[in-house]
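Chemist: Predicted model follows, preceded by the sequence.
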Amino acid sequence: MRLNLPNLLTWFRILMIPVMVSLFYLPATWLSAVDRNLFACVIFTVAAITDWLDGYLARRLNQASAFGAFLDPVADKLMVAAALIVLVELGRVDAAIAVIIIGREIAISALREWMAKIGDAKRVAVNLLGKVKTLAQLIAVPMLLYHDPVPLFDPHRVGTWLIYLAATLTLISMFYYLRLASPGAGRRSAGPG
């Protein structure tokens, strides 16, 4: 494994997970609830930006690697899963929503691994629906972490609507990928032969 800037950014994202989670376990005398929310929101947002940045740099600097391609989605899923578990514990997200989102990520990761083993990974490659789902999550989660209302804007309310949208898109995209991976899908897309 060769370390390069994109991979270092991905490792940074993984290292931020325990920092973000630990904020909510610090004594109240160290950080107020408002400060915890703000710092957790900032950490998650910086991590989301590094997700985009590491991919951009890997392409721009010609530093894409098989290890980076493996580690990047793992870091994303760990960050979102950790944030969702914290949000469930704080009562800001329903457990059902977290189960849908985390369960889908596990199922689709396993599906992609299986499709890669049988040499058909391209059939379940990330598509626009998956990207929109991810975008909804990456906007919803920091809003729910921030939680506190600001003048003329309620991040918790907007974040809640977006996390429900993300969960809906999560289910739709999961069924879409499962349909693409079904044994008959390859024959249907290949056309008559």
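Modeler: Noted; the coordinates are in hand.
Chemist: can you list contacts of stretch 161-181?
Modeler: By CB atoms under 8 Å, 6 or more residues apart in numbering, the surrounding residues in contact with stretch 161-181 are 93, 97, 100-101, 104, 107-108, 111, 114-115, 120, 123-124, 127, 129-130, 132-133, 136-137, 139-141, 143-144, 185. C-beta coordinates here come from the backbone N, C-alpha and C atoms, glycine included.
Chemist: same thing but at 7 Å, please
Modeler: Here stretch 161-181 makes contact (CB atoms under 7 Å, 6 or more residues apart in numbering) with 93, 97, 100-101, 104, 107-108, 111, 115, 123-124, 129-130, 132-133, 136-137, 139-140, 143-144, 185.
Chemist: same check, this time on stretch 14-34
Modeler: Outside stretch 14-34, the residues within contact range by CB under 7 Å, 6+ apart are 36, 39-40, 43-44, 47, 75, 78-79, 82-83, 86, 148.
Chemist: now swap in stretch 39-57 and tell me
Modeler: Residues from elsewhere that reach stretch 39-57 (CB under 7 Å, 6+ apart): 5-6, 9-10, 12-13, 16, 19-20, 23, 63, 72, 76, 79, 83, 138, 141-142, 145-146.
Chemist: Can you list the buried residues in it?
Modeler: The neighbour-count check on stretch 39-57 (16 or more other CB atoms under 10 Å) flags 39-41, 43-48, 50-51, 53-55, 57 as buried.
Chemist: got any ranges where the chain has weak pLDDT?
Modeler: Flagging of the chain using pLDDT under 70 yields the residue ranges 1-2, 120-125, 183-193.
Chemist: Run through the strands of it in chain order.
Modeler: Taking DSSP state E to define them, one finds no strands in the chain.
Chemist: For it, which segments are assigned as helices?
Modeler: Per DSSP state H, the chain carries helices over the ranges 5-23, 33-60, 66-89, 95-117, 128-146, 155-181, 183-190.
Chemist: Would you mind finding the most buried of the ones you listed?
Modeler: Per residue and on average, the most neighbours among those fall to helix 128-146, with a mean of 20 (mean count of other CB atoms under 10 Å).
Chemist: Distance from that one to the middle of the chain?
Modeler: 8 Å (CA atoms, centre = their mean, to the nearest Å).
Chemist: got the angle for that helix vs helix 5-23?
Modeler: 40 degrees (axes from the mean of the first three to the mean of the last three CA atoms, to 10 degrees).
Chemist: and residue 95, what does it touch?
Modeler: Counted by CB under 7 Å, 6+ apart, residue 95 has contacts residue 88.
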